[in-house]
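A.B. asks: Quick check, what structure comes out for this input:
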Amino acid sequence: GTGGELSVKVFGNDWDILNQAIEEIRHIMEGVAGVADLQIEQTSGIPQLVVDLNRSEMARFGIPVGDVADLVETALNGIEVTDVYEEDRITSILLRLSEEYRHDEERVKNLLVDAPNGERIPLSQLADIRHGQGPQEILRENMMRRKLILCSVVGRDVASLVAEAQRKIAAEVVLPAGYFIEFGGSFENQQRAMRDLAVLLLVVVLIIFVILFSSFGSLLQASLIIISIPLSLVGAIVGLLLAGQTINVSSMIGLIALMGVCVQNDVILIAKINDFIKGGHDLREAVVAGALKKFRAIFMTNLVMIVGSIPLAFHVGTGSELHRPLAMVYIGGFVGAILIRMVAMPVLFEVVSGLTTGRSKLAHS
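C.D. replies: You can find the predicted model right below:
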């Protein structure tokens, strides 16, 4: 993983291809609205002396690659030749060229390599020697090399920005086989949390259904409450849209809590309607009496939740990006519950129960 609000990671093996791809992506990201503080992770810039062996020349003189590699390794990096033993320590002795020779390109070129026929061939005749730059460090993720861009997101939601960036990168950046792009940072964590919450939401719905069925002893009434859950989400979605908020981890948590409260209100309402039916009222009278009886309790519950969420919805400051989506889900969802669910649920109950009763009568007749 990586830090930052958003990161774009390019994976592959060749360092030059990764550098070229990351520059192309940086140019694209500069044109995406909402991108701020764009920067490429710095991993290059170390001066190096590059020794590129000419294998055809080495073969002409009969010099093995290993001999030349050993010479360069000994001259520039050094090899351990012996140890000096003292009373309290052991000191290794390293053999290599002095610093003034190691940093002088011409002197490195004049290093002599022994050929099998006794000749001594200058290293410059067997290799292309030049100054270059190499990576300060080679970063890997899941055992693959990667380069990345870090940025912040301002004035829009991360999900829409990533979707736009993905479209533009797919259209303009061509990567060789074996190279691929991933988006990470806090966006990656948010996507993982959203997937976990979606699974949790399904589990919660299943548990609620089991509890409702065991409580009412009716598959129809339990299914009616579960099917009507989307009605409670309509107001929440409208509230998020009006406030310019998005579906994120905070709003998902709010949706789960909203669903639980609305289901609780439905349970109270249907339980009271069932009581009136058991008391001898016909279906229409029981529905109307139950709805009127529980209207005040349900209305006051929803109203208290709305009023309690207003300060969070209008507070702007540190942490508001977390609690404002949650508050707007509560406000929009409970307003929708008052306007929609308190009317829709009694109507749906009467319609479904009437159809079921009608079919039962036809079956008996």
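A.B. asks: and the closest residue to Ala344 other than its chain neighbours, backbone torsions?
C.D. replies: Excluding the flanking residues, the one nearest Ala344 by CB to CB, 6 or more residues apart in numbering is Leu231, at 5.7 Å. In short, each C-beta sits where N, CA and C put it, glycine included. Dihedral pair for Leu231: phi -60, psi -30, per degrees, to the nearest 10.
A.B. asks: give me the number of residues near Ala289?
C.D. replies: 17 (other CB atoms under 10 Å).
A.B. asks: List the contacts of it.
C.D. replies: Applying CB atoms under 8 Å, 6 or more residues apart in numbering, one finds that Ala289 lies in contact with 273, 276, 281.
A.B. asks: what sits against the residue nearest to Ala344?
C.D. replies: Counting by CB under 8 Å, 6+ apart, Leu231 touches 262, 336-337, 340-341, 344-345.
A.B. asks: next one: Ala222
C.D. replies: Neighbouring residues of Ala222 by CB under 8 Å, 6+ apart: 209, 212-213, 216.
A.B. asks: Excluding chain neighbours, what is closest to it?
C.D. replies: The shortest distance from Ala222 to any residue other than its chain neighbours is 3.8 Å, reached at Leu212 (CB to CB, 6+ apart).
A.B. asks: Report the buried residues of the helix or strand hosting that neighbour.
C.D. replies: Remark: Leu212 resides in helix 186-216, with elements defined by DSSP states H and E. Across helix 186-216, burial judged by 16 or more other CB atoms under 10 Å covers 186-188, 191, 197, 208-209, 212-213, 216.
A.B. asks: Then stretch 120-137?
C.D. replies: So, applying 16+ other CB under 10 Å, buried residues of stretch 120-137: 121, 123, 126-127, 129, 135.
A.B. asks: okay, that stretch in CSV with CA atoms only?
C.D. replies: Taking C-alpha atoms only, stretch 120-137 is exported to CSV below (Å, rounded to 0.1, in the frame of the first residue of the first chain):
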residue,chain,number,x,y,z
ARG,A,120,46.6,-7.1,-21.9
ILE,A,121,43.6,-5.4,-23.5
PRO,A,122,42.3,-2.0,-22.2
LEU,A,123,38.9,-2.2,-20.7
SER,A,124,37.7,0.6,-23.1
GLN,A,125,38.3,-1.8,-26.0
LEU,A,126,36.0,-4.4,-24.4
ALA,A,127,33.2,-2.3,-23.0
ASP,A,128,31.3,1.0,-23.5
ILE,A,129,32.1,3.0,-20.3
ARG,A,130,30.0,6.1,-19.5
HIS,A,131,28.5,8.2,-16.7
GLY,A,132,24.8,7.7,-16.1
GLN,A,133,22.1,7.9,-13.4
GLY,A,134,20.5,5.1,-11.6
PRO,A,135,17.7,4.6,-9.1
GLN,A,136,18.3,5.6,-5.4
GLU,A,137,16.1,2.6,-4.6
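A.B. asks: Check the residue nearest the centre of the chain and give its pLDDT.
C.D. replies: Most central in the chain under CA atoms, centre = their mean is Glu188, positioned 1.3 Å from the mean C-alpha point. According to the prediction, Glu188 has pLDDT 77.
A.B. asks: Then Ala165?
C.D. replies: With respect to pLDDT, Ala165 scores 90.
A.B. asks: Next, the contact list for it, please.
C.D. replies: Ala165 makes contact with 8, 28-29, 32, 183 under the criterion CB under 8 Å, 6+ apart.
A.B. asks: what about it, which helix or strand?
C.D. replies: Assessed by DSSP H and E, Ala165 sits inside helix 158-172.
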